[in-house]
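Novice: how does the following fold in three dimensions:
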Amino acid sequence: MRKRNTIIFDMDGTLLNTLDDIADSLNFALEHFGYPVHTVTEIRKMIGGGATILIERAAPKDLSAEKKDELLKFFTGHYFKNANNKTDLYDGVRPLADRLYEEGYDMAIVSNKGDKAVKELADIYFPDMMKLALGERPDVKRKPAPDALLLAMDLLGVTAEECIYVGDSEVDAQFSINAKVPCVIVTWGFRDREELEPMNPDAIVDTVEELYEQILLMGGK
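Specialist: Predicted structure coming up:
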């Protein structure tokens, strides 16, 4: 029997390429209020800490807290209605999920994306496969605080010794460290390898095949 049989995934940049939809909604919101917009490459580096952090990074530096909150509400309202216009699975992710499911792994998603969008996208792309889909909620501290991962483990009825967390950013690496859960970081998401290596995650992988092999190695028997 495997020691680690529960795989908990980040969503954006790990399972789903959500970048274009996030960028479209962010720039739509910025333009609506007359603020400078950003390139998709710039926005890629801003993603990872949730919508509030994204707005902090994208808004004009001298913007008041009240105006940032106004921008945040407009952005999230637009994004929730347009979260699946251009979004799609990364290549190989669905076959990986199918394989893990067939081999008896339990899978879940814990993300800094808003809870409503996480649940809707999980239902669309992984129907009946994820035992839990948990996004940002006002009653749970966002990543890298360990609260969301600890809550997920509690809801799943598992311990840190039974889990592996898979993400794509320095936030995810710190998240897993804080929750004392082994972490695999993928490089096909929103960060480059050189940005991830200083975090010293348990493993960094470049392909879905490498991710599967690493899960087998870390899962034990």
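Novice: so where's the longest helix in the chain?
Specialist: Counting by DSSP state H, the longest helix found in the chain is helix 65-81.
Novice: by contact count, what packs against it?
Specialist: Helices and strands in packing contact with helix 65-81 are listed as helix 19-32, helix 51-58, strand 106-114, helix 115-125; criterion 3 or more CB pairs under 8 Å, 6 or more residues apart in numbering; DSSP states H and E. Bear in mind the C-beta positions are built from the backbone N, C-alpha and C, glycine included.
Novice: and these, which is most packed in?
Specialist: Per-stretch averages of neighbours, counted by mean count of other CB atoms under 10 Å, single out strand 106-114 among those, with a mean of 24.
Novice: about what we covered before: which one of the helices and strands packed on helix 65-81 lies closest to Asp147?
Specialist: When the helices and strands packed on helix 65-81 are compared for distance to Asp147 using CB to CB, the nearest one is strand 106-114, at 10.1 Å.
Novice: roughly how far is that closest one from the heart of the chain?
Specialist: Averaging C-alpha coordinates over strand 106-114 and over its chain gives two centres that are 7 Å apart (CA atoms, centre = their mean, to the nearest Å).
Novice: just checking, what packs against it?
Specialist: Using 3+ CB pairs under 8 Å, 6+ apart: strand 106-114 touches strand 6-9, helix 51-58, helix 65-81, helix 93-102, helix 115-125, strand 130-136, helix 147-156.
Novice: JSON lines for the ones you listed, including mean pLDDT and distance to Asn27?
Specialist: Shown next, in JSON lines, are these (pLDDT from 0 to 100; distance: least, CB to CB, whole Å):
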{"stretch": "strand 6-9", "mean pLDDT": "98", "distance to Asn27": "27"}
{"stretch": "helix 51-58", "mean pLDDT": "95", "distance to Asn27": "9"}
{"stretch": "helix 65-81", "mean pLDDT": "96", "distance to Asn27": "10"}
{"stretch": "helix 93-102", "mean pLDDT": "97", "distance to Asn27": "26"}
{"stretch": "helix 115-125", "mean pLDDT": "95", "distance to Asn27": "18"}
{"stretch": "strand 130-136", "mean pLDDT": "96", "distance to Asn27": "21"}
{"stretch": "helix 147-156", "mean pLDDT": "97", "distance to Asn27": "28"}
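Novice: hey, which of those is tucked in deepest?
Specialist: Comparing these by mean neighbour count (mean count of other CB under 10 Å), strand 6-9 ranks first with a mean of 26.
Novice: just checking, what packs against it?
Specialist: Taking 3+ CB pairs under 8 Å, 6+ apart as the contact cut, strand 6-9 packs with strand 106-114, helix 147-156, strand 163-167.
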